[in-house]
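**Student:** Everything below, folded, please.
(one chain, ligands or ions: 2)
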Amino acid sequence: MKKLKLALVGCGYLSEIVAGALDRYLPEYELVGVLGRNFEKTEAFAKKYNCKACSSIEELLSLNPDYTAEAASVESVKNYGEKILKGGSNFVVLSIGAFADSDFYEQMKGVARENEKKIYIASGAVGGFDVLRTAALMSPITASIGSQKSAKSLKNTPLYEEDLLNVKGKKEVFSGTTKEAIKILPTHVNVAVATALASAGPENTKMNIDVVEDFVGDEFKIEIQGEEVSTDINIYSKTSKIAGWSVVAVLRNIVSPVVF
Ligand SMILES: NC(=O)C1=CN([C@@H]2O[C@H](COP(=O)(O)OP(=O)(O)OC[C@H]3O[C@@H](n4cnc5c(N)ncnc54)[C@H](OP(=O)(O)O)[C@@H]3O)[C@@H](O)[C@H]2O)C=CC1
Ligand SMILES: O=C([O-])CC(=O)C(=O)O
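**Tutor:** Numbering: from 1, shown residues only. Ligands and ions are numbered 1, 2, ... in the order given. From the prediction side, this is the model:
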């Protein structure tokens, strides 16, 4: 059986999950290469998973991947997205926040179409995009996503204040649109932009973030209200591993006789 070639952008926590799942869950694929920022880390990853360490997107694309899965950063999607599609690879994306920029999103859709390639938006740390997309087809909808986090998880972000470590009960630290949220928190609310793209759009989907006392992990509550359909989806995850596994699920769907 000829295997599909898979390339990875990013060699961190979530790419490790994807690479580690290949033998057991994705036998139809062979990992051909990985692109990171720090070359030593990239080489160590490539050695562990028996693929080529690349130091540029051009080098990665010279391996002719059929699929490139990104678990790196919003910036990497913006910098490499078009090249990946034009280079003949489909693109599986986790840093979906890049698509809160509607000009960029439209541009990427156009490039995918022209090159007969697909962009796959992984469900990441949330889900339920099927019902969101279906409901949005049936009538105008309102959509929101609420997030509960620990104070610690916001360290090194503009929302962090020392006092949050002593919060009692919960405290709202952000309220706005998902488009505003991803500008402030490019590494924390990709889920919110994905939810918005599947429902009311990044400018119309509301988001609020609460810091909760003694909280571990992430909890998201997605709510939509249409004329006929309403949903309320809660997803709790202790760690962000679910996001890496959601890429594995996308890659399995691609080769499966049954598509969800
Ligand atoms: N949609 C979702 O539900 C979720 C999305 N995410 C997003 O997934 C991404 C990966 O998360 P995670 O694995 O935990 O992060 P890590 O920090 O563990 O790994 C990120 C990796 O990407 C590399 N990288 C970052 N920018 C670039 C770039 N421009 N070019 C090449 N390599 C780059 C980093 O290199 P270096 O080490 O040198 O910096 C690192 O190897 C993040 O953007 C995160 O926000 C995360 C969780 C959930
Ligand atoms: O907080 C989470 O687990 C989700 C996340 O990182 C993101 O959406 O970028």
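**Student:** So is the strand or helix carrying Glu219 next to ligand 1?
**Tutor:** Following DSSP states H and E, one finds Glu219 within strand 218-225. No. Residues of strand 218-225 are not located near ligand 1 by CB under 6 Å from any ligand atom, the shortest gap being 8.5 Å. To be clear about C-beta, it is placed using only N, CA and C from the backbone, and glycine gets the same treatment.
**Student:** Mind checking if the helix or strand following that strand is in reach of ligand 2?
**Tutor:** If you walk from strand 218-225 toward the C-terminus, the next helix or strand you reach (DSSP H and E) is strand 230-237. No. Looking at strand 230-237 against ligand 2 by CB under 6 Å from any ligand atom, there are no contacts, and the closest approach is 6.5 Å.
**Student:** hmm, back to that, tilt between the strand holding Glu219 and strand 230-237?
**Tutor:** Comparing the axes of strand 218-225 and strand 230-237 via axes from the mean of the first three to the mean of the last three CA atoms, to 10 degrees yields an angle of 170 degrees.
**Student:** Hmm, Leu185 and Thr157 touching each other?
**Tutor:** Yes. The pair Thr157 / Leu185 is scored as a contact, 5.6 Å apart, by CB atoms under 8 Å.
**Student:** buried stuff in stretch 160-174?
**Tutor:** Applying a neighbour-count criterion of 16 or more other CB atoms under 10 Å, one finds 160, 164, 167, 173-174 buried in stretch 160-174.
**Student:** For those, could you give me CSV that also reports secondary structure?
**Tutor:** As requested, the buried residues of stretch 160-174 are arranged in CSV below (DSSP: H, G, I helix; E, B strand; the rest coil):
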residue, secondary structure
Tyr160, coil
Leu164, helix
Val167, coil
Val173, strand
Phe174, strand
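**Student:** Now the two most distant members of those residues.
**Tutor:** Using CB to CB, the pair of those lying farthest apart is Val167 and Phe174, separated by 14.0 Å.
**Student:** which stretches of the protein have low pLDDT?
**Tutor:** Low-confidence regions of the chain, defined by pLDDT under 70, are absent; no residue qualifies.
**Student:** What residues does it have near ligand 2?
**Tutor:** Taking CB under 6 Å from any ligand atom as the criterion, the neighbours of ligand 2 within the chain are 124-125, 187-191, 218, 240.
**Student:** In JSON lines: those, plus neighbour count, distance to Cys11 and secondary structure.
**Tutor:** Putting those into JSON lines (neighbours: other CB atoms under 10 Å; distance: CB to CB, whole Å; DSSP: H, G, I helix; E, B strand; the rest coil) gives the following:
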{"residue": "Gly124", "neighbour count": "29", "distance to Cys11": "18", "secondary structure": "coil"}
{"residue": "Ala125", "neighbour count": "26", "distance to Cys11": "20", "secondary structure": "coil"}
{"residue": "Thr187", "neighbour count": "12", "distance to Cys11": "16", "secondary structure": "coil"}
{"residue": "His188", "neighbour count": "22", "distance to Cys11": "20", "secondary structure": "coil"}
{"residue": "Val189", "neighbour count": "26", "distance to Cys11": "23", "secondary structure": "coil"}
{"residue": "Asn190", "neighbour count": "30", "distance to Cys11": "18", "secondary structure": "helix"}
{"residue": "Val191", "neighbour count": "28", "distance to Cys11": "22", "secondary structure": "helix"}
{"residue": "Asp218", "neighbour count": "22", "distance to Cys11": "23", "secondary structure": "strand"}
{"residue": "Ser240", "neighbour count": "19", "distance to Cys11": "16", "secondary structure": "coil"}
